[in-house]
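*Asks:* Sequence plus the predicted model coming up.
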Amino acid sequence: VNLDKRLVRLIKVIGALADAGGIRACLVGGFVRDVFLKIRNFDIDIIVEKDGIKFSSLIRNVLKGELLAHSRFGTAVINFEDFKIDVATFRKEKYPYPGSLPVVAEGCLGDDLARRDFSINAMAASINKNDFGFVFDYFSGLADLKRKQLRVLHNKSFVDDPLRILR
């Protein structure tokens, strides 16, 4: 895959920070999908096994970017040059009622991928040095991409979050 050299350097810097902290870190969702579709994307989505906000602060300190944290969801956004880096903690979520904001709890990589909307958005790629680029594809998103099939992961996907229909 031919990615922008600045983008690859940035991903490797973030991966090295994760390695230094003993943290599993992955690119996830639409970013991974777009790599396979050969679509340029400077909106980087990263999930980590530990505190995503704390990890975002490390990234910001190294890159000198702007940070906006969302403690309720364990997420943060870093703006750096022309990149937008979203960082989230591995999580699972429940929706108390249709259309409500989710109640977030700590989870594992599988939990995080299972909460997503479509199989093609439920893939993750490691940015840790020991398995850099390994793709976690528990829901056959890559096969669906090849078939040009859009498959919803669970039957409550649009009930939980009706905005998914617009995405």
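*Replies:* Yep, that arrived.

*Asks:* So which bits of stretch 143-163 are buried?
*Replies:* Under the neighbour-count criterion of 16 or more other C-beta atoms under 10 Å, stretch 143-163 has 144-145, 153, 157, 160-161 buried. From N, CA and C alone the C-beta is placed, and that goes for glycine too.

*Asks:* Which residue ranges of the protein form strands?
*Replies:* 25-28, 43-48, 66-70, 75-80, 83-89, 91-94, 103-106, 124-126, 135-136 (DSSP state E).

*Asks:* Could you dump those strands into TSV with mean pLDDT added?
*Replies:* Below are the strands of the chain laid out as TSV (pLDDT from 0 to 100):
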stretch	mean pLDDT
strand 25-28	98
strand 43-48	96
strand 66-70	94
strand 75-80	95
strand 83-89	96
strand 91-94	91
strand 103-106	90
strand 124-126	98
strand 135-136	98
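
*Asks:* just the ones you listed: most buried one?
*Replies:* strand 25-28 (a mean of 25; mean count of other C-beta atoms under 10 Å).

*Asks:* from memory residue 36 sits against residue 143, does it?
*Replies:* No: here residue 36 lies out of contact with residue 143, judged by C-beta atoms under 8 Å, at a distance of 11.0 Å.

*Asks:* what residues are up against the spatially closest residue to residue 75 that is not a sequence neighbour?
*Replies:* Using C-beta to C-beta, 6 or more residues apart in numbering and skipping residues adjacent in sequence, the residue nearest residue 75 is residue 88, 4.4 Å away. By C-beta atoms under 8 Å, 6 or more residues apart in numbering, the contact set of residue 88 is 45-48, 52, 73-76, 112.

*Asks:* Many thanks, I have nothing further to ask.
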